[in-house]
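> Coordinates for the following, if possible.
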Amino acid sequence: MTPKAERVQLAVLYFIIALSLGLWTFNFSSVLAAHGYESIVRYAWAANGIAAIISPLIVGALADLRYSSERVLRWIGCGAAVFLALLFWAIESKQHWSVVLGLAQMHALWSVPSFGLATSLVMSRLANARNEFGPVRMWATIGWMVGGIVISILKVEDTTTSGFLAAIFWLAAVSYSHVLKPQPPLAREHKGWKELFGLEAWTLLKNPDHRVVFLGAALFNVPLAIFYMHTPLHLKDLGVEARSAVMSIGQVLEVVGLFGLAAILNLCRLKTLFLAGIAFGLARYVLFSLNTVWASTAGIALHGACFILFFMTAQIYVEQRIPSEMRARAQALLSLMISGLGNLTGYLLCGWWRAVCQVDGVTEWPRYWLGLAAVIAVTFVWFAICYKGRSRMTVGNE
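Just a heads-up that it's a prediction; the model follows:
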């Protein structure tokens, strides 16, 4: 098989996985609220954070030490499909809130590690990840956008239909993964229970720059975590109907950025890219605080730039700076910091902050978004001071 043909296969796999995620993520809060579960919205989202603390390192260790990445991806894809369908069945049939939260947690345990594992799988098959990853990863972004657009076209913003569609596409991703050429794990043996549970990944934080990048990703994601949880609710208060389609605008700049990612990495220091990503996140929430449709839409459009410049740069950083036999666990640790510590803290704290910003059940959105913008500003200053780019053993600027 030619390298180009393999890149096409990887792009298609990325597209299907992202489509399955996008089909339910954009409107999850709206579906819960429409079926009488608005009081548990933040806790349902927090399930993803809890899962990200538990699952990714174990999954990453399995992919590094025991089984091929595509085989592990099939297992978690099947689990994600089953429990996603059960979750949306429970919502539709108005089961007790504890059943909904329990199924949300079970689904999260299977689905949360999927994207980090897919990223590790893709990068391990690219001859030059720095130059080739962007155009391949772009198709995941397109899949995510298509998910939001499909929800709006089918007019299922507040229904459970999207969840069942997402489960079907998860099974499609599992089936499609069989076209990939099996690739054995780089490390064939493990030394003990620490390796089995992926705990060795935490030793990466001994390196000062690794520590800043991983902790910075968690801190930055605390205020960003609620983008998909609260922005649709803000848009609803502003009178926007096709909210999922509007939310998908955030991926437009992401597609452009991914296509030019190699050029950006060659032109700029990693520190510059990290700080630019944080700055775009700050600008986005300041725009949200203006509390108008046009400003909110403009802020949503900045999502792609924020994501590419910080989080995609962090994934490239892991690929270049971490030994190959540890990369799946390193990507898993990054996922844990972002989707685990960052998201869990963000869902709970930002849920509390929104309650503080409510008067007679109405959210004071300008106050809410400016409070989160202040957290991002502090993160910007801390990262600028602490990240040095000390090790220059790899190609490119630090």
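> who's in contact with S177?
Neighbouring residues of S177 by C-beta atoms under 8 Å, 6 or more residues apart in numbering: L13, E70, L73, R74, G77. The C-beta positions use only the backbone N, C-alpha and C, and glycine is treated the same way.
> I'd assumed S114 was in contact with the third one.
Yes. Between L73 and S114 there is a contact at 6.8 Å, judged by C-beta atoms under 8 Å.
> right, and V12 touches W139 too?
Yes. Counting by C-beta under 8 Å, W139 is a contact partner of V12 at 7.2 Å.
> In terms of neighbours, single out the busier of these two.
W139 (23 against 16; other C-beta atoms under 10 Å).
> got a pLDDT number for L196?
Per-residue confidence (pLDDT) for L196: 49.
> What's the separation between A314 and A140?
16 Å (C-beta to C-beta, to the nearest Å).
> typo on my end, L282
The gap separating L282 from A140 is 25 Å, by C-beta to C-beta.
> for K94, same thing?
34 Å.
> Among those two, which residue is more densely surrounded?
Shown here are K94 and A140; by other C-beta under 10 Å, A140 has more neighbours (27 against 12).
> Surely the more buried one touches V12?
No. A140 is beyond contact range of V12, at 10.4 Å (criterion: C-beta under 8 Å).
> Check for me that V156 belongs to a strand.
No. Applying DSSP: H, G, I helix; E, B strand; the rest coil, one finds V156 to be coil, outside a strand.
> That one contacts S162, correct?
Yes. Counting by C-beta under 8 Å, V156 touches S162, with 5.2 Å between them.
> between the two, which one's more packed in?
S162 (27 against 20).
> Now name the helix or strand holding the more buried one.
In this assignment (DSSP states H and E), S162 forms part of helix 161-176.
> Now do that helix: distance to the chain's middle.
Distance of helix 161-176 from its chain centroid, counting by C-alpha atoms, centre = their mean, to the nearest Å, is 18 Å.
> just for this structure, where's the confidence low?
1, 55-67, 129-130, 184-200, 325, 328, 390-398 (pLDDT under 70).
> looking at the contacts of S177, which has the most residues close by?
Most neighbours among the contacts of S177, by other C-beta under 10 Å: G77, with 27 neighbours.
> Grab the nearest non-local neighbour of the spatially most central residue of the chain.
The structure's the chain has its C-alpha centroid closest to S339; by C-alpha atoms, centre = their mean the separation is 6.6 Å. Leaving aside its chain neighbours, S339 sits nearest to A52 (3.7 Å; criterion: C-beta to C-beta, 6 or more residues apart in numbering).
> so the one you found makes contact with Y347?
No. Using C-beta under 8 Å as the test, A52 is too far from Y347 to be in contact (11.0 Å).
> Out of the contacts of S177, which sit inside helices?
The helices, defined by DSSP state H, take in L13, E70, L73, R74, G77 from these.
> got a list of contacts for the helix or strand hosting F380?
Applying DSSP H and E as the criterion places F380 in helix 365-386. Defining contact as C-beta under 8 Å, 6+ apart, one finds that helix 365-386 is touched by 208, 212, 216, 219-220, 222-224, 226, 230, 234, 237, 271, 274-275, 278-279, 281-282, 285-286, 288-291, 350, 353-354, 357.
> Kindly report the same for stretch 15-25.
Residues from elsewhere that reach stretch 15-25, judged by C-beta under 8 Å, 6+ apart: 77, 80, 84, 88, 111, 114-115, 118, 139-148, 150-151, 162-163, 165-167, 169-170, 172-173, 176, 228, 248.
> Which parts of the stretch 251-398 of the chain are strands?
In the stretch 251-398 of the chain, strands defined by DSSP state E, counting those that start in this stretch lie at 358-359, 362-363, listed in chain order.
> other SSEs contacting the last one?
Judged by 3 or more C-beta pairs under 8 Å, 6 or more residues apart in numbering; DSSP states H and E, strand 362-363 is in contact with helix 227-237.
> How about residues contacting the helix it packs on?
25-30, 33, 41-42, 45, 243-244, 246-247, 288, 293, 296, 300, 303, 347, 350, 354, 362-363, 365, 368.
> Report the buried residues of it.
Within helix 227-237, the residues scored as buried using 16 or more other C-beta atoms under 10 Å are F227, Y228, M229, H230, T231, P232, L233, H234, L235, K236.
> about what we covered before: could you save the strands of the stretch 251-398 of the chain as JSON lines and add columns showing distance to R327?
JSON lines is the format used below for the strands of the stretch 251-398 of the chain (distance: least, C-beta to C-beta, whole Å):
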{"stretch": "strand 358-359", "distance to R327": "44"}
{"stretch": "strand 362-363", "distance to R327": "42"}
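> Deepest in the core, which of those is it.
For the strands of the stretch 251-398 of the chain, average neighbour numbers computed from mean count of other C-beta atoms under 10 Å are highest in strand 362-363, which has a mean of 13.
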